[in-house]
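*Asks:* Just a sequence and a predicted model for now, questions to come.
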2 protein chains.
Amino acid sequence: MIPIITAFESSPDRGKGLARDMRVRWALEEVDQPYEVHLVSSAAMKQPAHRALHPFGQIPTYQEGDLALFESGAIVLHIAEHRAGLLPDDANARARAITWMFAAVNTVEPPILELVVAKFLEGDKPWSEQRLPLIKDRIRARLGELSDRLGDADWLDGAFSAGDLMMVGVLMRLKPSGMLDEYPNLAAYVARSEARPAFKRAFAAQLAVFTSKHPAG
Amino acid sequence: MIPIITAFESSPDRGKGLARDMRVRWALEEVDQPYEVHLVSSAAMKQPAHRALHPFGQIPTYQEGDLALFESGAIVLHIAEHRAGLLPDDANARARAITWMFAAVNTVEPPILELVVAKFLEGDKPWSEQRLPLIKDRIRARLGELSDRLGDADWLDGAFSAGDLMMVGVLMRLKPSGMLDEYPNLAAYVARSEARPAFKRAFAAQLAVFTSKHPAG
């Protein structure tokens, strides 16, 4: 049974890998699971047919036989639980890897989402410029703590896991801001992830969606 | 082995159950697992001893023998996986319950956190008042979608699960705003949760921490 995921027909990030389908594609590549992609327009995402799969009208979704899931974190965890390569065998190490998945989406991502909101949803407001330094300082607080914990290790807890995958998926959203470069070990952590063959295949696949619809020149 | 969790020595919400230890206490009560609580001051949370348990200097943490976890979502999932009562037996239903856990913390909670930030971290800024309606509209978008999905069901997907526990834990943060009352089925969903004996025990336990340090009168 080949899983089917959904992704933006035309990604707002122009194929930079910042949309959340990237996390799911990457996980599927890490475990060598082929998959199909259904592309959805921004308008179709808000229609009942898609909302039956995703109540919040977003991507990605995941279908495998009778099972339908949404939320990148839940999908990555489902993939990691059913195929080898993304969670350690040891029960305690497995629980810690899942802790990092939640830390990525519930502790590190919220201030980063604030930056996205400030730029794209409130970019035309008079306070937009003045708020950016405050938001960036809140992001820096999290990055500093994450940098301290990572130290000079390659990954957050032993071998590469779904926890690293989710954390890097979140940190990538900061690439346009340049903020990652303030933390050399975090920048290296992201670069180390981007060098993984599975990441490269996933990145190329989502970029191809964009370039096929928007040929250069 | 009795698990040990950490909680605020003096909770900023004055015992209203909005701190994230409430989610963990509630999960432990649902599965009838006794636990110990170590109280931590806001200052001690930022010290190396606590950061060894929680790299971001927050509560709750969870210790059980050699295992140390942080992040309320990860702790609740760990409890749900190891004790009966919070996840369905059917594999697909289990995956959907976990999807709702991630939806709670990664889709519904971020705009609610924005409201908390606007009130408490940026409450003294000149733009604070003007931003509130924008943030509340973003929260309403999520609440409307969640309300549509819940419909007239008691719980999000079949029986009460860890997905409901996390979603209600997030929605409770909106109680001071009164916004929940705009969605009668969501207000009833929260009230239905608060009526559960396990919720009541957990709520009373966290309130007792506050009242013991701040006697009335």
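*Replies:* Perfect, thanks for sending it.
*Asks:* And the helices in chain A?
*Replies:* A:21-30, A:42-45, A:48-51, A:72-82, A:91-103, A:109-116, A:128-150, A:162-171, A:184-194, A:197-213 (DSSP state H).
*Asks:* Redo the ones you listed as TSV? Include distance to chain B, mean pLDDT and mean neighbour count.
*Replies:* Bear in mind the C-beta positions are built from the backbone N, C-alpha and C, glycine included. Putting the helices of chain A into TSV (distance: least, CB to the nearest CB, whole Å; pLDDT from 0 to 100; neighbours: other CB atoms under 10 Å in any protein chain shown) gives the following:
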stretch	distance to chain B	mean pLDDT	mean neighbour count
helix A:21-30	11	98	26
helix A:42-45	12	96	14
helix A:48-51	8	96	13
helix A:72-82	4	98	25
helix A:91-103	4	98	23
helix A:109-116	5	93	21
helix A:128-150	4	96	16
helix A:162-171	9	98	27
helix A:184-194	13	98	16
helix A:197-213	20	94	16
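*Asks:* Between those, which one is closest to residue B:46.
*Replies:* Closest to residue B:46 of the helices of chain A, according to CB to CB: helix A:128-150, at 9.7 Å.
*Asks:* by how many degrees do that closest one and helix A:162-171 diverge?
*Replies:* Angle, helix A:128-150 to helix A:162-171, by axes from the mean of the first three to the mean of the last three CA atoms, to 10 degrees: 160 degrees.
*Asks:* what comes into contact with helix A:128-150?
*Replies:* Contacts with helix A:128-150, where a contact means CB atoms under 8 Å, 6 or more residues apart in numbering or on different chains, come from A:107-108, A:111-112, A:114-115, A:118-119, A:122, A:156, A:167, A:174, A:177, A:179-180, A:182-183, A:185-186, A:189, B:51, B:55-57, B:117, B:121-122, B:125, B:127.
*Asks:* do stretch A:106-126 as well
*Replies:* Applying CB under 8 Å, 6+ apart, the contact partners of stretch A:106-126 are A:128, A:131-132, A:135-136, A:138-139, A:141-143, A:146, A:167, A:170-171, A:173-174, A:177, B:56, B:58, B:71-73, B:105-106, B:109-110, B:113-114, B:117, B:127, B:130-131, B:134, B:138.
*Asks:* Dump the helices of chain A into JSON lines; add distance to residue A:66 as well.
*Replies:* Shown next, in JSON lines, are the helices of chain A (distance: least, CB to CB, whole Å):
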{"stretch": "helix A:21-30", "distance to residue A:66": "19"}
{"stretch": "helix A:42-45", "distance to residue A:66": "22"}
{"stretch": "helix A:48-51", "distance to residue A:66": "17"}
{"stretch": "helix A:72-82", "distance to residue A:66": "13"}
{"stretch": "helix A:91-103", "distance to residue A:66": "25"}
{"stretch": "helix A:109-116", "distance to residue A:66": "30"}
{"stretch": "helix A:128-150", "distance to residue A:66": "38"}
{"stretch": "helix A:162-171", "distance to residue A:66": "24"}
{"stretch": "helix A:184-194", "distance to residue A:66": "33"}
{"stretch": "helix A:197-213", "distance to residue A:66": "26"}
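*Asks:* Setting the sequence-adjacent residues aside, check what's closest to the spatially most central residue of chain A.
*Replies:* By CA atoms, centre = their mean, the mean C-alpha position of chain A lies nearest to residue A:169, the distance being 3.3 Å. Distances taken as CB to CB, 6 or more residues apart in numbering or on different chains put residue A:23 closest to residue A:169, at 4.1 Å, once the chain neighbours are dropped.
*Asks:* picking up where we left off before, to residue B:84, which of the helices of chain A lies closest?
*Replies:* helix A:91-103 (17.3 Å).
*Asks:* what's the closest one packed up against?
*Replies:* helix A:72-82, helix A:162-171, strand B:67-70, helix B:72-82 (3 or more CB pairs under 8 Å, 6 or more residues apart in numbering or on different chains; DSSP states H and E).
*Asks:* Please enumerate residues in contact with the first one?
*Replies:* With CB under 8 Å, 6+ apart as the test, helix A:72-82 has contacts from A:5, A:20-21, A:23-24, A:27-28, A:31, A:33, A:60-62, A:69, A:86-87, A:98, A:101-102, A:104-105, A:161-162, A:165-166, A:169, B:95, B:98-99, B:101-103, B:106.
*Asks:* separation between residue A:121 and residue A:62?
*Replies:* For residue A:121, the distance to residue A:62 (CB to CB, to the nearest Å) stands at 27 Å.
*Asks:* So residue A:34 sits against residue A:2, correct?
*Replies:* Yes. Counting by CB atoms under 8 Å, residue A:2 is a contact partner of residue A:34 at 5.7 Å.
*Asks:* And for the closest residue to chain B within chain A, the neighbour number?
*Replies:* Closest approach between chain A and chain B, counting by CB to the nearest CB: residue A:127, at 3.5 Å. With neighbours defined by other CB atoms under 10 Å in any protein chain shown, the count for residue A:127 comes to 16.
*Asks:* separation between the residue lying closest to it once chain neighbours are set aside and residue A:10?
*Replies:* Leaving out its chain neighbours, the residue that sits closest to residue A:127 by CB to CB, 6+ apart is residue B:127, at 3.5 Å. For residue B:127, the distance to residue A:10 (CB to CB) stands at 33 Å.
*Asks:* again with residue A:78
*Replies:* From residue A:78 to residue A:10 the distance is 27 Å (CB to CB).
*Asks:* cool, and residue A:142?
*Replies:* Taken as CB to CB, the span from residue A:142 to residue A:10 is 31 Å.
*Asks:* is it true that the residue nearest to the centre of chain A touches residue A:26?
*Replies:* Yes. Here residue A:169 reaches residue A:26: they are 7.2 Å apart, a contact under CB under 8 Å.
*Asks:* quick one, domains of chain A?
*Replies:* For chain A, the structural domains run A:4-85+A:198-213, A:91-196, going by automatic domain parsing.
*Asks:* export the ones you listed to a markdown table and tack on distance to residue B:204?
*Replies:* Converted to a markdown table, the domains of chain A look like this (distance: least, CB to CB, whole Å):
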| stretch | distance to residue B:204 |
| --- | --- |
| domain A:4-85+A:198-213 | 32 |
| domain A:91-196 | 26 |
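*Asks:* hmm, back to that, and the helices and strands packed on helix A:91-103: which comes nearest residue B:210?
*Replies:* If you check each of those against residue B:210 by CB to CB, helix B:72-82 wins as the nearest, at 18.6 Å.
*Asks:* Could I get the CA-only coordinates of the closest one as CSV?
*Replies:* Output in CSV follows, covering the C-alpha atoms of helix B:72-82 (Å, rounded to 0.1, in the frame of the first residue of the first chain):
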residue,chain,number,x,y,z
SER,B,72,3.7,18.1,28.2
GLY,B,73,2.7,16.5,24.9
ALA,B,74,5.6,14.0,25.0
ILE,B,75,4.9,13.2,28.7
VAL,B,76,1.2,12.6,28.2
LEU,B,77,1.9,10.4,25.2
HIS,B,78,4.4,8.4,27.2
ILE,B,79,1.9,7.9,30.0
ALA,B,80,-0.8,7.0,27.4
GLU,B,81,1.4,4.4,25.8
HIS,B,82,2.3,2.6,29.0
